[in-house]
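My questions concern the predicted model and sequence given below.
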Amino acid sequence: MTAAVKVAAPGNQRDARPPVANHAVPSPGAATRASAAKRPVIEPRLLNDGLVGVAPDSPYVRRFWTAVLGPTAVAELLRLTTAARRETRLPRPLRLAQLVAEGLVALDSGDILVRSTVPLLGPRQVRRLNPALRAEHGTVLTRLFT
């Protein structure tokens with residue numbers, strides 16, 4: 001004769017589940033990890049500095065800038081550009097410092113200025129690409145300027 005195995009199933013046997021300690025839940029206002037903290041809301045503005053570049057939604061940006069910065073930073077750049085064009089607000093990007101360091105976003109007295117065009121990769125960024133992507137970048141530049 002086999003013994004019946006009791007399995008906890010959500011919702012039908014309240015005492016079948018293991019007990020949960022009440023102290024396991026953090027109190028409101030307790031310290032949380034940085035990514036869980038509420039980010040300040042910003043309103044980016046467009047910066048028309050006459051810089052030659054490509055449209056932010058160009059495949060060039062997704063292909064080459066993503067390889068240099070990573071997908072999160074590029075997604076945040078696209079969100080910033082869209083918010084600046086629509087004059088809407090959004091949470092402060094986590095990768096803002098990286099975008100500023102690469103010259104894609106500027107800070108001016110607390111204002112966040114987003115370029116209306118995304119510059120082409122400079123020599124420093126091109127050196128960071130893998131050899132195959134570097135060759136593809138050269139081909140794309142040749143097509144853009146001929």
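The structure has been received and is ready for your questions.

Chain neighbours aside, what residue packs nearest to residue 58?
residue 118 (7.2 Å; C-beta to C-beta, 6 or more residues apart in numbering). Glycine gets a C-beta too; all of them are placed from N, C-alpha and C.

wait, isn't that neighbour in contact with residue 65?
Yes - applying C-beta atoms under 8 Å as the test, residue 118 and residue 65 come out as touching, 6.7 Å apart.

Please enumerate the shared neighbours of these two.
77, 104 (C-beta atoms under 8 Å, 6 or more residues apart in numbering).

Just give me the neighbour total for residue 110.
Residue 110 is flanked by 6 other residues according to other C-beta atoms under 10 Å.

Just the CA atoms of the helix ranked longest in the chain, as PDB, please.
In terms of residue count, the longest helix belonging to the chain (DSSP state H) is helix 71-86. Taking C-alpha atoms only, helix 71-86 is exported to PDB below (Å, rounded to 0.1, in the frame of the first residue of the first chain):
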ATOM      1  CA  PRO A  71      21.400  47.600 -26.400                       C
ATOM      2  CA  THR A  72      20.200  49.300 -23.200                       C
ATOM      3  CA  ALA A  73      22.000  52.600 -23.900                       C
ATOM      4  CA  VAL A  74      20.800  52.700 -27.500                       C
ATOM      5  CA  ALA A  75      17.200  52.000 -26.400                       C
ATOM      6  CA  GLU A  76      17.500  54.800 -23.900                       C
ATOM      7  CA  LEU A  77      18.900  57.200 -26.500                       C
ATOM      8  CA  LEU A  78      15.900  56.400 -28.800                       C
ATOM      9  CA  ARG A  79      13.500  57.000 -25.900                       C
ATOM     10  CA  LEU A  80      15.200  60.300 -25.100                       C
ATOM     11  CA  THR A  81      15.000  61.400 -28.700                       C
ATOM     12  CA  THR A  82      11.300  60.500 -29.000                       C
ATOM     13  CA  ALA A  83      10.500  62.200 -25.700                       C
ATOM     14  CA  ALA A  84      12.400  65.400 -26.800                       C
ATOM     15  CA  ARG A  85      10.500  65.500 -30.100                       C
ATOM     16  CA  ARG A  86       7.100  64.900 -28.400                       C
END
